[in-house]
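1. Kindly generate the corresponding structure for this input.
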Amino acid sequence: MTHILAVDDDDDVRELLAEYLGHEGFRVTLAPTGAAMTEALEAEPVDLVLLDLRLPDGDGLSLIRQLRTESRLPVIILSGRVEDVDRIVGLELGADDYLTKPFNPRELLARIKAVLRRTGDPARERPAENLRAVVTFAGWQFDLTTQRLRSPEGRDVELTKAECALLAAFVKRPQRVLSREQLLELTRADGTDVFDRSIDVLILRLRRKIEANPKDPQIIRTERGTGYVFDTKVKMV
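-> Numbering: from 1, shown residues only. Presented below is the predicted three-dimensional model:
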């Protein structure tokens, strides 16, 4: 699922973007400030940023300049500024497109798809240090890129492709209840052939590898009638 970060201090605009783009099949993270944008980018990979130029804690043009020193992450400016100079400066700084407010959501959707087609997979273009691909949890270390899992004792633990996809889904969403349907969707998004009841089997197999006592799991907990939760702190390395 393509992940879009929408940065705008207008509550109504954020609500519109979340509802419309979510309905169109995108995953949307909302940020009301530049600081919140930075936190979101550090937390997990993003495929495209929608950025307002007027933010309470800074200027959007400065944020574009900052982004371009770190990555080629696609950026579409959404702004109430209609002056040509703002559009020109934004594009010169590296924005991929510029849309003025008020905007037609269908036009925005078309521009998002066009930018994603032009830029391809932005994750491949980001420098390795910006991928934030290694995480730690409960003494374990998991490299999301190489799919290597290392125990607290320093030994490598072999995982199947399906187990890697499931663990990746969990570490990206710690301390959140995930239903079987959500886990199916997330693991299939990684190109893994996972089917309905096999999620429970995968959970059992993964528990046997990372839990001190698989019969009394403390990391992957069952929420009865709801799903599962990765109940431990996850830290990016």
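2. Name the residues that touch whichever helix in the chain runs longest?
-> Secondary structure of the chain per DSSP state H: the longest helix is helix 105-119. Helix 105-119 has contacts (Cβ atoms under 8 Å, 6 or more residues apart in numbering) with 2, 4, 16, 20-21, 24, 26, 47-48, 50, 72, 74, 76, 78, 96-97, 99, 125. Any C-beta I mention is one placed from the backbone N, CA and C, and that applies to glycine too.
3. Out of these, which sit inside strands?
-> 4, 48, 50, 76, 78, 97, 99 (DSSP state E).
4. Neighbour-wise, which one of those leads?
-> residue 50 (26 neighbours; other Cβ atoms under 10 Å).
5. what's across from that residue in the sheet?
-> Listed beta-bridge partners, residue 50: residue 6, residue 76 (assigned using DSSP bridges).
6. Would you check how far apart it and residue 14 are?
-> Look at residue 50 and residue 14: by Cβ to Cβ, to the nearest Å, they are 10 Å apart.
7. Same check on residue 165?
-> In this view, residue 165 and residue 14 are 30 Å apart by Cβ to Cβ.
8. The two: who's more crowded?
-> Neighbour count, other Cβ under 10 Å: between residue 165 and residue 14, residue 165 has more, with 23 against 19.
9. hang on, the earlier thing: spit out the residues that contact residue 50 and residue 14 alike.
-> 6, 8.
10. Name all residues that make contact with residue 14.
-> 6, 8, 30, 32 are the contacts of residue 14 under Cβ under 8 Å, 6+ apart.
11. Among those residues, list the two that are farthest apart in space.
-> Across these, the longest distance by Cβ to Cβ is 9.7 Å; it joins 6 and 32.
12. Looking at those two, which has the bigger crowd around it?
-> The neighbour comparison of residue 6 against residue 32 (other Cβ under 10 Å) goes to residue 6, with 25 against 18.
13. what about the closest residue to residue 145 other than its chain neighbours, distance to residue 204?
-> Closest residue to residue 145 in three dimensions, ignoring its sequence neighbours and counting by Cβ to Cβ, 6 or more residues apart in numbering: residue 133, at 4.2 Å. Separation of residue 133 from residue 204 (Cβ to Cβ): 27 Å.
14. cool, and residue 172?
-> Counting by Cβ to Cβ - residue 172 and residue 204 are separated by 21 Å.
15. More neighbours: the two, which one.
-> More neighbours surround residue 172 than the other of residue 172 and residue 204, with 16 against 12 (other Cβ under 10 Å).
16. Now for that one: which residues touch it?
-> Per Cβ under 8 Å, 6+ apart, neighbours of residue 172: residue 44.
17. Quick check on residue 67: phi, psi?
-> Dihedral angles of residue 67 (phi, psi; degrees, to the nearest 10) stand at phi -60, psi -40.
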